[in-house]
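Enquirer: Sharing a sequence plus its predicted fold:
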Amino acid sequence: MSAWCRPGWLAVVGLLMGLAACYPTAKHVTMAGDEVSTAEDRIGVDDTFDVRVYGETELSGMFRVATDGTVDYPLAGRLQVAGLRTGEIQQLLVDKLKDRYLKEPQVVVTIKDRNSQKITVLGQVSRPGQVGYYPNMTIVDAIASAGGFTGIAAKNSVNLRRQVSGKIEMHLFPVADISEGRSPNVMVLPGDVLVVDERVF
């Protein structure tokens, strides 16, 4: 009989499967985030992005999206960019520049500041309020952006609140353990609210 088929191994496999079932929270948040993650890479009002046009320094630079969702771009005039992904903005600029000004424009667009997308961090942090979101931001990053925990924070009991399909979902996460590598990290999304309670003495 193969070693993998012995009763002892079957017991170990069963135990591991049972342990995996005890940790649904982080997996659940990841799944819920998939429903809204498509909004992450879209440009919004007050966001800034960098444009690089190969060999054309006067067409390269940083641009901020105005309150009407537009930017003023050299040679192309006012362009509506709010709601577009970086690749779509890149193609828009290529189309505007091609033939009229440049034969084969090579354009790269990179998001710099996502001022339109915020995470709210409340409770026992040094600077409670809203912090700017950026792609692949984690719960540890969000707490750090708010100045970190106060001395009386319940570091292993951080409440993450997220609206999914019109309903508010809430999950508690051990951020201190996450910071020290004892628990898996958790991705946050624009609109999330983190609440850090006071530690019970």
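Expert: Structure's in. What do you need? Only a predicted model underlies this, so the values are computations on that prediction, with no experimental measurement involved.

Enquirer: Quick check: the gap between the closest residue to Phe149 other than its chain neighbours and Gly148.
Expert: Counting by C-beta to C-beta, 6 or more residues apart in numbering, Lys155 is the residue found nearest to Phe149 once chain neighbours are left out, at 5.4 Å. Glycine gets a C-beta too; all of them are placed from N, C-alpha and C. Lys155 sits 10 Å away from Gly148, taking C-beta to C-beta, to the nearest Å as the criterion.

Enquirer: for Asp141, same thing?
Expert: Remark: distance between Asp141 and Gly148 (C-beta to C-beta) = 11 Å.

Enquirer: which residues of this structure score low on pLDDT?
Expert: 1-40 (pLDDT under 70).

Enquirer: Spell out the residue ranges of the strands in the protein.
Expert: Using DSSP state E, the strands of the chain run over residues 48-53, 61-64, 70-73, 77-80, 107-113, 118-123, 129-132, 153-164, 167-173, 193-198.

Enquirer: More neighbours: Asp141 and Gly148, which one.
Expert: Asp141 (17 against 14; other C-beta atoms under 10 Å).

Enquirer: hang on, Met187 packs against Asn136?
Expert: Yes: the criterion here is C-beta atoms under 8 Å, and Met187 meets it with Asn136 at 6.9 Å.

Enquirer: Compare the two and say which one has the larger neighbour count.
Expert: More crowded of Met187 and Asn136, by other C-beta under 10 Å: Met187, with 17 against 8.
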